[in-house]
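S.K.: A structural model of the following input is requested.
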Amino acid sequence: MIINYIQWSVSPELFPGTWFPVRWYGLLFASGFFFGYLIMTKFFKHENLPIKLLDELATYMVLATVVGARLGHVLFYEPALYFQDPLEIFKIWNGGLASHGAAIGILAALWFFCKKNNRTYYWTLDRIVIVVALAGFFIRIGNLMNSEIFGEPTTVPWAFVFTSSDLIPRHPTQIYEALCYLALFFVLYWYYWKTNGKPRPGLIFGSFLVLLFAVRFFIEFLKEPQVAFENSMALNMGQLLSIPFIIVGFVIIFGKQKAETYIESRPNKK
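M.R.: Have a look, this model is predicted:
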């Protein structure tokens, strides 16, 4: 039986062959922030919070995402290459962003934001991760448009042939991840409104960590190694970096739940 695999030969440029050098990845990356801002605006208005505070939060998020993702790739995947030529670190347009680095950068930046604005850490994270899940969807579609971070060879009927790389049918892992992240966004968004904007502190954040990084962990089994040193590893770098986030997520969900149960069960003493 002859299977007509999907031939993927899309140009990474929005207007190829013209003077207007806009790339799909950059447009989709920016879309994550744009739609995330609109959704956060709805949250802030619902909770009667000033938009000025959201603007400051958005600034922290943009800087933390870009800087964290870039430094994460440099430190986790290709440290020797970049330390030989440190100026390459600043050339983001050449590619090289790591989601785990972005996660660490965001966590650090939001801690400073909360300290400065007297907000609780969980309050901020429970809302931010909802739009981060949506941004993850856009970023993985951007990877698809770049024909990068694809999967291993396969014979499944929906396999993609990335013609800019080779003529081998492969798992479109970018789409797998993108759809999982989009589903996660809808679940977290639904839960926020189900609780009328008052979710149990830490539950959305903890659930996000467990579900998103579990998806990342299992889909990595279908991916081609991103760097050469991963070829000899039982678990690749993406999987090793995902494990701590999953553990922290479970600790937040069940540790906090146990603490609340203990407090509620204590007898009132006069």
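S.K.: tell me how many other residues surround the closest residue to Ser99 other than its chain neighbours.
M.R.: Distances taken as C-beta to C-beta, 6 or more residues apart in numbering place Ala69 nearest to Ser99, at 6.8 Å, with adjacent residues excluded. Placement of C-beta: from N, CA and C, glycine included. For Ala69, the count of nearby residues is 24 (other C-beta atoms under 10 Å).
S.K.: could you list the low-confidence segments of the stretch 51-200 of the chain?
M.R.: For the stretch 51-200 of the chain, applying pLDDT under 70 flags the ranges 76, 80-82, 85, 87-97.
S.K.: strands of that one, start to end?
M.R.: Listed in chain order, the strands of the stretch 51-200 of the chain (DSSP state E, counting those that start in this stretch) span 160-162, 169-170.
S.K.: so Leu53 touches Phe44, yeah?
M.R.: Yes. Counting by C-beta atoms under 8 Å, Phe44 is a contact partner of Leu53 at 7.1 Å.
S.K.: show residues contacting stretch 171-189.
M.R.: For stretch 171-189, the surrounding residues in contact (C-beta atoms under 8 Å, 6 or more residues apart in numbering) are 6, 8, 39, 129-131, 133-134, 136-137, 140-141, 143-144, 148-152, 154, 156, 158-160, 204, 207-208, 211-212, 215-216, 219, 222-223.
S.K.: narrow the residues you listed to just the buried residues.
M.R.: Among the contacts of stretch 171-189, the ones that count as buried by 16 or more other C-beta atoms under 10 Å are 8, 39, 129-131, 133-134, 136-137, 140-141, 143-144, 148-151, 154, 159-160, 204, 207-208, 211-212, 215-216, 219, 222-223.
S.K.: among those residues, which lie within helices?
M.R.: 39, 129-131, 133-134, 136-137, 140-141, 143-144, 204, 207-208, 211-212, 215-216, 219 (DSSP state H).
S.K.: returning to that earlier point: so which of Leu53 and Phe44 has more stuff around it?
M.R.: Set side by side, Leu53 and Phe44 show more neighbours around Phe44, with 18 against 13, by other C-beta under 10 Å.
S.K.: distance check, the more buried one against Ile6.
M.R.: Distance, Phe44 to Ile6, by C-beta to C-beta, to the nearest Å: 41 Å.
S.K.: which stretches of the stretch 51-200 of the chain form helices?
M.R.: With DSSP state H, counting those that start in this stretch as the criterion, the stretch 51-200 of the chain has helices at 51-76, 79-84, 99-117, 121-145, 173-194.
S.K.: of the ones you listed, which is nearest Thr18?
M.R.: Smallest distance to Thr18 across the helices of the stretch 51-200 of the chain (C-beta to C-beta): 16.6 Å, for helix 121-145.
S.K.: who's the closest spatial neighbour of Pro153, skipping the chain neighbours?
M.R.: Using C-beta to C-beta, 6+ apart, the closest residue to Pro153 is Ile168 (5.0 Å).
S.K.: burial count for that neighbour?
M.R.: Neighbour number of Ile168 under other C-beta under 10 Å is 14.
S.K.: list phi and psi for it.
M.R.: phi -100, psi 130 (degrees, to the nearest 10).
S.K.: mind checking how far it is from Tyr189?
M.R.: Counting by C-beta to C-beta, the gap from Ile168 to Tyr189 is 37 Å.
S.K.: cool, Leu57 as well?
M.R.: For Leu57 relative to Tyr189 (C-beta to C-beta), the value is 18 Å.
S.K.: over to Ala183?
M.R.: For Ala183, the distance to Tyr189 - C-beta to C-beta - is 11 Å.
S.K.: out of the two, which sits in the busier spot?
M.R.: Between Ala183 and Tyr189, counted using other C-beta under 10 Å, the more crowded position is Tyr189 (18 against 14).
S.K.: distance check, that one against Glu230.
M.R.: 34 Å.
S.K.: cool, Pro50 as well?
M.R.: As judged by C-beta to C-beta, Pro50 and Glu230 stand 46 Å apart.
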